[in-house]
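S.K.: Got a predicted structure plus its sequence, pasted below:
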Amino acid sequence: DVRLEYSSHVTGYVYSVKANLPLPKPKCQISETQNRIQDDEENDDEEMDDEEMEALENEKIYKWSPFVVPYRHQGGPTGLINVSPRLVSYYEITIETRQWETPPPHIIEDCVCIGFTTSRSRWVPRLPGWDKLSFGYHGDNGGLYHGSGRNIRLVGTFGPGDTVGMGIDYVNRHIFVTKNGRFVTVAFRDLRVEMLADIHLFPVVGLYTRHAVKVNYMGLQEPFCFDLAAYCNHDQMQPALASEISMEDDSSA
C-alpha cells in the first residue's frame, strides 16, 4: 500500500501518478473455430467477398481463467485471508483529511481522481480519462471521463475522508466504481474483449490537492472498504448491480 502526498504547493498544474505494476488480471485463452459453410439453395447464387469469408470461417473464442491474489477478508475473524479464484481486479484510494493552523497560499478547489491507464501512457500534466489511454472518475464534479476533457456523465462527488474504489469486471466487460464501501455504478460498459485480453491496465491517481492520498493496491495489509468477495460471488453480483445508487452532490462528499 502506498501513501501519496505533495511536499510543495500545488499551483496551476495537475499531476497523475501511475503504478509501476498493472493490477493482476485473469489469463485469456484465445482459440479459433472453423465454421462450416453449409450449402443452401438460397445462398447458391450469392457470393461473399474475402472479408466476409474470413469472418465466417475464423471466429475467435475468448475464455477467461480465474486468478488468485490474496486479499484480507472484510469483516469476520481478524487475519482471515481470501484466496478464492476471481475474475475481478480492484483497488481503492482514501483521501485523508488534513487540518492547517494557517491556511496555505494559493487555495484551490481540491480534485482527486481514480482511474486506469495503459503502459503506453507517459507522464503529462493531465488527469485520468482525458485521453483515450485512460479511464477516470473525478472527485470534484463526480464525472466519468474517457478520451476527452468532457465528462460522460456525473455519478457523485467525493473528497477528503472518502474511500473510493475502481474495479474491472472481466466477466461482464465493464469498469465499476465504489464509494465508502458501497457500489456506485457501472462506469464504463461494453469494453472490447480484445482490449481486456491484450492490454494490462495500471492504477492511476490524479492529484490536484493538498490532502494526502493513500492507495490500497492489494487489500492485503488492510481490507478493502468495499466487500469484494460478495461482488465476486456470482449469486450476489446481480443484487449488487441492482442496488446501484445515484449519489447526489452534497457538501459532505
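M.R.: Looks like it came in fine.
S.K.: Do a quick rundown of the strands in the stretch 1-150 of the chain.
M.R.: Applying DSSP state E, counting those that start in this stretch to the stretch 1-150 of the chain gives strands spanning 2-4, 15-18, 27-34, 58-65, 71-72, 81-82, 88-95, 111-117, 134-138, 143-145.
S.K.: And the contacts of the fourth one?
M.R.: Identification of contacts with strand 58-65 by C-beta atoms under 8 Å, 6 or more residues apart in numbering yields 26-35, 87, 170-171, 193, 197. For the C-beta atoms, the positions are set from N, CA and C on the backbone; glycine is no exception.
S.K.: Provide a list of residue ranges in the stretch 1-150 of the chain with pLDDT below threshold.
M.R.: Along the stretch 1-150 of the chain, the parts satisfying pLDDT under 70 run over 1-14, 33-59, 75-78, 100-108, 122-125.
S.K.: For residue 172, give me its contacts.
M.R.: With C-beta under 8 Å, 6+ apart, residue 172 has these contacts: residue 186.
S.K.: quick check, it in a strand?
M.R.: No: read with DSSP: H, G, I helix; E, B strand; the rest coil, residue 172 is coil and lies in no strand.
S.K.: Show me what the helix or strand where residue 185 lies is packed against.
M.R.: Secondary structure from DSSP states H and E places residue 185 in strand 182-188. Secondary-structure packing of strand 182-188 (3 or more C-beta pairs under 8 Å, 6 or more residues apart in numbering; DSSP states H and E): strand 134-138, strand 174-179, helix 234-242.
S.K.: pLDDT on it, on average?
M.R.: The average pLDDT for strand 182-188 rounds to 96.
S.K.: Which SSE is immediately downstream of it?
M.R.: Next helix or strand after strand 182-188 toward the C-terminus (DSSP H and E): helix 193-198.
S.K.: Restrict that next one to CA atoms and write it as CSV.
M.R.: Below are the C-alpha coordinates for helix 193-198, written out as CSV (Å, rounded to 0.1, in the frame of the first residue of the first chain):
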residue,chain,number,x,y,z
VAL,A,193,-12.8,-8.2,-25.1
GLU,A,194,-9.7,-7.8,-27.3
MET,A,195,-8.6,-4.8,-25.3
LEU,A,196,-9.2,-6.6,-22.0
ALA,A,197,-7.3,-9.7,-23.2
ASP,A,198,-4.3,-7.9,-24.7
